[in-house]
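*Asks:* Predicted model and sequence follow; I will ask about them next.
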Amino acid sequence: MAVHLFTEWSKSPGHLDHWERTGREQGEECGLPNLGQTCYLSAVLQCLYHTLPLTHYLISQAFKEDVVKRSPSRGQVVQAAADILTEMDRGKPKKGTLAYFKGVCGRMDDLFAGSGQREAHDLLSSFLTWVHQDLSSSRNACKKCGLEPERRSTISDIFEGIHRATIICPESGAIICSIHERFWSLSLPLNNPGETPLEDALQQYYHTRAIKWYCHYCRREHLCHRQMHILFLPKVLILHLNRYNIKGSDPKLNWVTFPTEELTLDGHLTPGQKGRPWSKFSLYSICNHHGNKKRGHYTACCRSNHPQHVQTPWLFFDDEEVRPIERFKNPRDAHILFYIGVSQVQQESRQTCLASGGMGLQ
C-alpha cells in the first residue's frame with residue numbers, strides 16, 4: 001500500500017496559502033467499476049475526488065455538523081458522496097457503494113435513474129446543487145455587492161463566483177443599472193471549427209452584447225450595451241466547453257487549447273476590482289467526452305493528490321483502468337476543466353521547482 005501525502009485545505013475561508021501536509025496511508029489511485037453506461041458518473045467522481053478542499057471536508061466527516069435534516073434529500077446525497085469518496089481514498093471503492101450513490105442521484109432526478117448514458121455536466125451541476133442544499137445555512141448578504149442573502153454552504157464557499165452585469169445606454173453613456181448573479185461554473189460555447197485558445201472562448205463569453213432594455217434616461221426601450229465582469233472569483237473554477245450549442249456542428253472539428261498553469265481572469269474582473277489572495281488558476285482535473293451528443297464515452301485526467309503539484313504525474317482514468325500520463329498534452333476531447341486558485345507564493349514555489357528539474361507539463 002503506497003503512502004500518499006494528502007493536502008489539507010485551510011480551514012480559514014478564502015485562504016489558499018496554507019497547505020498543510022498530513023502523512024497517512026492511502027490506497028493507490030483507483031478507478032471505478034462501470035455499472036452499465038455509468039462512465040459519466042465515474043469521470044465526474046474522479047474530478048470531484050481530486051478537488052482537495054471538497055474531498056478533505058467530506059472524508060474527514062466534518063460535513064456531519066453541517067447537514068440540514070430537512071433538505072430535499074435529507075442529507076442522503078452528501079452522505080453517499082462521502083461514502084464513495086472515502087472508499088476511493090482508501091483505494092477500495094465497492095460496486096455497491098457506487099450503485100447506492102447513483103441510486104440516490106436517480107431518486108433526486110429521474111434523468112439519472114436507469115442505465116442510460118447521461119451528460120456529465122448535467123450531473124455535476126445537479127450534484128453541486130443537491131449537496132449545497134444538504135449543507136446550506138443562512139448567511140448575511142454579500143458585503144461587496146449587496147447581493148440578497150442566500151443560503152450558504154461549503155459548496156458555495158468553494159465553487160461560487162459572482163458576476164456583475166452592467167446595462168449601459170449607448171446614446172448617453174449612462175449606466176442604467178447593475179445586476180449581480182452568482183455562478184458555480186461557466187459554460188463556454190464553441191462556435192468556430194478548428195483550434196480555439198481558451199482565452200478566446202472567455203473573451204467571447206464576456207464580450208459586450210446588445211440587448212433591448214428600458215432606459216429611464218431616454219424614457220423608452222431601445223438597444224443597450226450589456227457588459228459582464230467578474231466581481232468575485234471562485235476558489236475552484238469550473239469551465240464547461242460546450243461543443244453542442246449549434247445544430248449539425250461536429251464537435252470533433254472544434255477543440256480548445258488551454259494552460260495547465262497560470263490561467264488568469266484578470267482581464268475579465270470588474271474594473272478597479274482586485275481578485276482574491278490568488279491571481280491565477282492551476283488546472284488539476286479534466287472530464288473528457290469522446291464521441292457525439294447521442295452516444296460517447298467519458299474519461300478523466302487528474303493530477304495525483306500530492307502536495308508537490310509540479311512533480312506529481314497526471315493520471316488517466318477510464319472506469320476501472322488507471323494509468324499514468326508521462327507527457328501531458330491538451331486532450332482534444334476535453335469537456336469540463338477544473339482549475340484551482342493559486343496564490344503568488346505557490347506560483348513562485350512551482351516556478352522554482354520547474355527550474356530545478358521538476359516534471360514539466362506540456
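*Replies:* Right, received. Where do you want to start? Everything numeric here is computed off the predicted structure, so don't read it as measured data.

*Asks:* Tell me where the stretch 101-250 of the chain has strands.
*Replies:* In the stretch 101-250 of the chain, strands defined by DSSP state E, counting those that start in this stretch lie at 161-168, 175-183, 186-189, 194-197, 209-215, 220-232, 236-242, listed in chain order.

*Asks:* out of those strands, deepest packed?
*Replies:* Counting by mean count of other C-beta atoms under 10 Å, strand 236-242 has the highest mean neighbour count of the strands of the stretch 101-250 of the chain, with a mean of 22. Just so you know, the C-beta spots here come from the backbone N, C-alpha and C atoms, and that holds for glycine as well.

*Asks:* List of residues touching it?
*Replies:* Here strand 236-242 makes contact (C-beta atoms under 8 Å, 6 or more residues apart in numbering) with 51, 53-54, 121, 124, 158-159, 161, 184-190, 198, 201, 256, 263, 265, 281, 334-341.

*Asks:* how about the closest residue to Phe258 other than its chain neighbours, what does it touch?
*Replies:* Counting by C-beta to C-beta, 6 or more residues apart in numbering, the nearest residue to Phe258 once its immediate chain neighbours are dropped is Leu198, at 3.9 Å. For Leu198, the contacting residues are Leu239, Val256, Thr257, Phe258, Pro259, Leu263, Leu337, taking C-beta under 8 Å, 6+ apart as the criterion.

*Asks:* average pLDDT for the one helix or strand the second one maps to?
*Replies:* Following DSSP states H and E, the helix or strand that holds Val256 is strand 254-257. Mean per-residue pLDDT for strand 254-257: 88.

*Asks:* what inclination does the helix or strand just after it have with respect to strand 236-242?
*Replies:* With elements assigned by DSSP H and E, the helix or strand that comes after strand 254-257 is strand 278-291. Angle, strand 278-291 to strand 236-242, by axes from the mean of the first three to the mean of the last three C-alpha atoms, to 10 degrees: 40 degrees.

*Asks:* could you say what helices and strands strand 278-291 packs with?
*Replies:* The elements that strand 278-291 packs onto, with contact taken as 3 or more C-beta pairs under 8 Å, 6 or more residues apart in numbering; DSSP states H and E, are helix 39-49, helix 120-135, strand 296-303, strand 334-343, helix 344-355.

*Asks:* Against which helices or strands is the first one packed?
*Replies:* Taking 3+ C-beta pairs under 8 Å, 6+ apart as contact, the helices and strands that helix 39-49 lies on are helix 52-59, helix 76-89, helix 95-108, helix 120-135, strand 278-291, strand 296-303, strand 314-318.

*Asks:* mean pLDDT for the ones you listed: which is lowest?
*Replies:* When I compare these, strand 278-291 is least confident, with a mean of 90.

*Asks:* quick one: buried residues of that one?
*Replies:* 278-290 (16 or more other C-beta atoms under 10 Å).

*Asks:* Return the set of residues that bridge with the most centrally placed residue in the chain.
*Replies:* Compute the mean C-alpha point of the chain, and by C-alpha atoms, centre = their mean the closest residue is Ile238, 2.8 Å away. The bridge-partner assignment for Ile238, based on DSSP bridges, gives Phe338.
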